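K.L.:
Fold the following, please.
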Amino acid sequence: MLWSNSSFIHARKVLIEQIDKRIEELEDDRSLDWESSDESDYPAPFSCQFQMFSQLNPVPKDITQSDLLEYEQELANPQGISTIRPPPLLLSSELYSPNCHLLLSIDKQAGIKIEKYYKKAVAYAGMASVIAVIQIFALIHQMEFTPTPSSVSNVSYWTIAIQAIMDGYLCLLHLTTGVVLETVFIPFATAAFFTFILVSIFGMRYLLVVWRIQRPESIRATPAERQQQQQQQQQQQQQRQQQQEPDYNVSSESLLPTANVIRPNTTTNTNNATTTEETSPYRESITRSAFVQNVILSTLGLFLYSFWIPQIIRNVWRGCRRPLSHRYILTMSITRLSVPLYFYGCPDNLIGHETTPWVWAVVAYVVLQIIILFLQDAFGPRLFVPSKYLPQTYDYHPILSGSDEETLQQETAANAQPKDCAILDED
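P.N.:
Residues are numbered from 1 along each chain as shown. Predicted structure coming up:
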């Protein structure tokens, strides 16, 4: 670190002069023939030695040293007093390698003090804890909204399962962060605790109830499928009996014990090892690519935030209306969108991730699912699907025709002469 701006400029000027001088010497030296020279004559250095010169942006003149000390003390031991607005932390730096002749420079890169970063981490942990508590009450409300087995049978198993997976990973993420950063262990452990209660006590319990009630649907088979399974089992039994029948036409040579030793193919193993060694750096380079990481995260995010799609499909398949409470749908959607909006929409987020407008596409995707659920509740679950693609459902209120037995009995009773009641005659 350099003490003043003038010393930094002077050191930078000296470095640039040395680099320019070295470049001129290389250009003037005609004995260096880069095309015909052997690389072994000029071996590249095994490692590069770097020297770093850095300087912080100077403090504005209207801020005194006492104001800065008061601000630093408030960050270290918060007392709730009002302090100055801190100036931005801007760093200019140059990284120079004398033996490799490399120069890397950054100009006025913004940063944040460690105390302020920890305060931001505590604020995020508090937000995550509040969100987990809200989701717990929303899930309890949904469990009370479906008290009977018939109402639970209309709830999609995968809708609850995907949300439980998201909560489980968030719990592990918060707990790992609290263990790694001991300074913020208590706030992140609190967030992990509430998320653990959500996923283990309420989420898994409701998921188990849905699975128990809907289990007969998965194991129920049609008569044709049962007949086909029986035929397959009979064929398998016949094949086993044929294989187990002893063969008496056996030669004497086959009765002698033999040993078949297979010689290992060393060439194939060597080739496989070489191929693995060659492809492993390629795989590492692919996994470290920012583009590949963005594709993986986008695909995973699209899958996780499609948690209302299974419920939409189940509504169409079963013809059920409003299996989920509207309060539960809105609460879960808003709270689960808060995490990607914070990391991909907030410029000063905790991990320093760059903002992207594609996060609003995820918001629009979830909003579209909510609109479809509400339209199914209002106008019928099969509003968007043609009737020829739908399974037949039983009509509990059919229109009775004239040939119906109940209609004929009613007409016969109406045409018949009235009969006297024996009890009324006695009175």
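K.L.:
could you point out where the chain is predicted with low confidence?
P.N.:
1-5, 29-46, 217-230, 241-289, 390-397, 399-427 (pLDDT under 70).
K.L.:
All the strands of it, residue numbers only.
P.N.:
Listed in chain order, the strands of the chain (DSSP state E) span residues 51-56, 89-97, 102-111.
K.L.:
Nearest to residue 338, out of those strands?
P.N.:
Across the strands of the chain, residue 338 has its closest neighbour in strand 102-111 (25.2 Å, Cβ to Cβ). (Each C-beta comes from the backbone N, C-alpha and C, glycine too.)
K.L.:
before we move on, the earlier item: so can I have a markdown table of the strands of the chain showing distance to residue 314 and mean neighbour count?
P.N.:
A markdown table is the format used below for these (distance: least, Cβ to Cβ, whole Å; neighbours: other Cβ atoms under 10 Å):
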| stretch | distance to residue 314 | mean neighbour count |
| --- | --- | --- |
| strand 51-56 | 59 | 15 |
| strand 89-97 | 53 | 16 |
| strand 102-111 | 49 | 11 |
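K.L.:
export the ones you listed to a markdown table and tack on distance to residue 294?
P.N.:
As requested, those are arranged in a markdown table below (distance: least, Cβ to Cβ, whole Å):
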| stretch | distance to residue 294 |
| --- | --- |
| strand 51-56 | 31 |
| strand 89-97 | 27 |
| strand 102-111 | 23 |
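K.L.:
Quick check: which of the ones you listed is nearest to residue 296?
P.N.:
Closest approach to residue 296 among the strands of the chain is made by strand 102-111 (28.3 Å; Cβ to Cβ).
K.L.:
Work out the sheet partners of the closest one and label each with its direction, please.
P.N.:
Note on strand 102-111: by DSSP bridges, its sheet partners are strand 89-97 (antiparallel).
K.L.:
and of the strands of the chain, who's closest to residue 167?
P.N.:
The nearest among the strands of the chain, by Cβ to Cβ, is strand 102-111 at 33.7 Å.
K.L.:
ok, residues contacting the closest one?
P.N.:
With contacts defined as Cβ atoms under 8 Å, 6 or more residues apart in numbering, strand 102-111 is touched by 15, 19, 48, 50, 57, 88-97.
K.L.:
Among these, give me the pair with the biggest separation.
P.N.:
Spatially, the most separated pair among the contacts of strand 102-111 is 48 and 88, at 31.8 Å (Cβ to Cβ).
K.L.:
More neighbours: these two, which one.
P.N.:
Between residue 48 and residue 88, counted using other Cβ atoms under 10 Å, the more crowded position is residue 48 (13 against 9).
K.L.:
how many neighbours does the residue lying closest to the more buried one once chain neighbours are set aside have?
P.N.:
Leaving aside its sequence neighbours, residue 48 sits nearest to residue 100 (Cβ to Cβ, 6 or more residues apart in numbering; 3.8 Å). Taking other Cβ under 10 Å as the criterion, the count of residues near residue 100 is 13.
K.L.:
Count the residues that sit near residue 377.
P.N.:
Around residue 377 there are 17 residues (other Cβ under 10 Å).
K.L.:
Could you measure from it over to residue 62?
P.N.:
Noted for residue 377: a distance of 61 Å to residue 62, by Cβ to Cβ, to the nearest Å.
K.L.:
So which bits of stretch 290-306 are buried?
P.N.:
301, 304, 305, 306 (16 or more other Cβ atoms under 10 Å).
K.L.:
for stretch 337-352, same thing?
P.N.:
Residues of stretch 337-352 classed as buried: 337, 339, 340, 342, 343, 344, 345, 349 (neighbour count, 16+ other Cβ under 10 Å).
K.L.:
wait, the fourth one sits on residue 123?
P.N.:
No: no contact is recorded between residue 342 and residue 123 when judged using Cβ atoms under 8 Å, the distance being 10.5 Å.
K.L.:
For the residue nearest to residue 335 when sequence neighbours are not counted, give its distance to residue 161.
P.N.:
Closest residue to residue 335 apart from its sequence neighbours, by Cβ to Cβ, 6+ apart: residue 131 at 4.8 Å. Distance, residue 131 to residue 161, by Cβ to Cβ: 20 Å.
K.L.:
These two: who's more crowded?
P.N.:
Comparing residue 131 with residue 161 by other Cβ under 10 Å, the one with more neighbours is residue 131, at 21 against 17.
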